[in-house]
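>>> based on what follows, work out the 3D shape:
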Amino acid sequence: MGELNLKQLLKDRKENFQLLYDELAKLMPEFGERVLETTKNNKISIACTLTALDDKVFKPNNINATFFGSYLFHRRVSGVRVCNRSPKLAKVGGSEFKHYGTHSDDYHSLPYFTSAAAIGLTKKEIHVYVGRLREALGHFSSADPFGIFKKNAQLKELMEAAAEGDQESGAGPEEEKKEQ
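Prediction:
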């Protein structure tokens, strides 16, 4: 690869981060959401709220916010990590983690997703990603989620599996979750 190619990839990643940030900052208000301020120490990942979807879709239909990640993946929107609100304390191997499962302690009280501007990401891929994300947000927020599931057996199976996982501990064998 060489030093020059690596420097170019890093320069491109920095430019692509700004493009992704700008595109998400334009997109999210269309759906009552916003980009969270996490860029001070994180120059790769961008977090966006899912509070409007939480109020409109997740809570009324008893849907875990992380299901939205499965929904996005099914719509060919990959690389998204969806986080639930997490007031939980988890103990893993003797260490305690406040707000376990979230990306940041600052935003533990709301559901959100993160997107990353990784090395190798192209401007074209960013535009495709944002377009697919726009379509998925629009479809998910305007449609009856259970109607979507009835029409699509695979999504229904994902939903049921996610619900079963939530009812079980879902934390893994070493983790003991406690409510604060």
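
>>> low-confidence bits of the protein, can you list those?
39, 86-88, 98-109, 143-156, 158-160, 162-180 (pLDDT under 70).

>>> if we go to 80?
38-41, 85-91, 96-110, 142-180 (pLDDT under 80).

>>> helices along that one, start to end?
For the chain, the helices defined by DSSP state H occupy 2-27, 51-53, 67-74, 123-142, 145-151, 153-167.

>>> give me the distance between residue 80 and residue 67.
12 Å (CB to CB, to the nearest Å). (Each C-beta comes from the backbone N, C-alpha and C, glycine too.)

>>> neighbour count for these two, which is higher?
residue 67 (24 against 18; other CB atoms under 10 Å).

>>> what about residue 6, how many neighbours?
11.

>>> what does residue 42 give?
That count, for residue 42 with other CB under 10 Å as the rule, works out to 14.

>>> let the chain start at 118 from now.
Done: numbering now begins at 118, and the last item shifts to residue 159.

>>> got the contact list for it?
For residue 159, the contact set (CB atoms under 8 Å, 6 or more residues apart in numbering) is empty.

>>> distance of it relative to residue 124?
Counting by CB to CB, the gap from residue 159 to residue 124 is 21 Å.

>>> for residue 242, same thing?
For residue 242 relative to residue 124 (CB to CB), the value is 21 Å.

>>> more neighbours, the two?
residue 242 (13 against 10).

>>> how far away is the more buried one from residue 210?
Residue 242 is 37 Å from residue 210, by CB to CB.

>>> quick one, what contacts residue 193?
residue 249.

>>> one more: residue 231?
With CB under 8 Å, 6+ apart, residue 231 has these contacts: 162-165, 197-198, 200, 220.

>>> only the buried members of those: can you turn that into a ChimeraX selection?
Buried subset of the contacts of residue 231, written as a ChimeraX selection, criterion 16 or more other CB atoms under 10 Å:
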select :162,163,164,165,197,200,220
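
>>> what's the closest of the contacts of residue 231 to residue 133?
residue 163 (11.1 Å; CB to CB).

>>> tell me the bridge partners for that closest one.
residue 232 (DSSP bridges).

>>> and residue 161, how close does it get to residue 238?
On the measure of CB to CB, residue 161 and residue 238 end up 10 Å apart.
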